[in-house]
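K.L.:
whatever this is, show me its structure:
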Amino acid sequence: MDYDRNNIFARILRGEIPAVKVHEDEEVLAFMDIMPRGRGHMLVIPKVPMRNLLDADPAALCAVVKVAQRLARAARTALGADGITLQQFSEEAGGQEVFHLHFHVIPRFDGLALGRPGVMGDMDEIGAIAEKIRTALEAEA
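P.N.:
Modelled structure (predicted):
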């Protein structure tokens with residue numbers, strides 16, 4: 001299947017849609033999910049077009065996973081998370097809704113279930129959490 005250059009993540013990469021960024025380098029962008037399933041829910045995407053894990057360039061995939069790991073560690077430190085859920089969905093049958101490779105990094109807390117999908121988060125709270133995670137990333141570097 002062809003890559004849709006107008007998917008929401010491609011539009012975020014072009015700056016057409018705002019995002020609360022937590023990390024950006026030459027290969028990867030990470031930002032807060034505005035419909036978080038948990039406190040600190042982030043999305044990590046490659047900057048190059050690719051639909052999902054099935055067509056991913058191995059080098060780009062490696063760069064994305066390395067950033068996901070750094071963010072998971074930073075979230076654990078910044079938010080006191082007890083664990084991390086890492087999710088990646090490929091193709092519609094696999095649950096993928098946005099057809100640009102992305103990983104969900106969701107900090108987890110003992111006794112707290114994931115929230116329902118599709119519920120808008122509080123943008124002030126999302127921004128404050130992003131700042132805590134950015135601070136933890138900087139301290140790690």
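
K.L.:
now do the contacts for the residue lying closest to Pro49 once chain neighbours are set aside.
P.N.:
Closest residue in space to Pro49, ignoring its immediate chain neighbours: Tyr3 at 4.6 Å, by CB to CB, 6 or more residues apart in numbering. C-beta here means a position set from N, CA and C on the backbone, and glycine is covered the same way. Counting by CB atoms under 8 Å, 6 or more residues apart in numbering, Tyr3 touches Pro49, Met50, Arg51, Phe99, His100.

K.L.:
number of nearby residues for the last one?
P.N.:
Pointing back at His100 there. The burial count assigned to His100 is 23, neighbours taken as other CB atoms under 10 Å.

K.L.:
then the fourth one?
P.N.:
Other residues lying near Phe99 total 21 when counted by other CB under 10 Å.

K.L.:
how near is the residue lying closest to it once chain neighbours are set aside to Val67?
P.N.:
Using CB to CB, 6+ apart and skipping residues adjacent in sequence, the residue nearest Phe99 is Arg51, 4.9 Å away. Spatial separation of Arg51 from Val67 under the definition CB to CB, to the nearest Å is 19 Å.

K.L.:
so those two - more neighbours on which side?
P.N.:
Val67 (25 against 19).

K.L.:
Phe31 is in contact with that one, correct?
P.N.:
No - if you go by CB atoms under 8 Å, Val67 and Phe31 don't touch, sitting 11.3 Å apart.

K.L.:
got a markdown table for the contacts of Tyr3, with secondary structure and pLDDT too?
P.N.:
Converted to a markdown table, the contacts of Tyr3 look like this (DSSP: H, G, I helix; E, B strand; the rest coil; pLDDT from 0 to 100):
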| residue | secondary structure | pLDDT |
| --- | --- | --- |
| Pro49 | coil | 96 |
| Met50 | coil | 96 |
| Arg51 | coil | 97 |
| Phe99 | coil | 97 |
| His100 | coil | 98 |
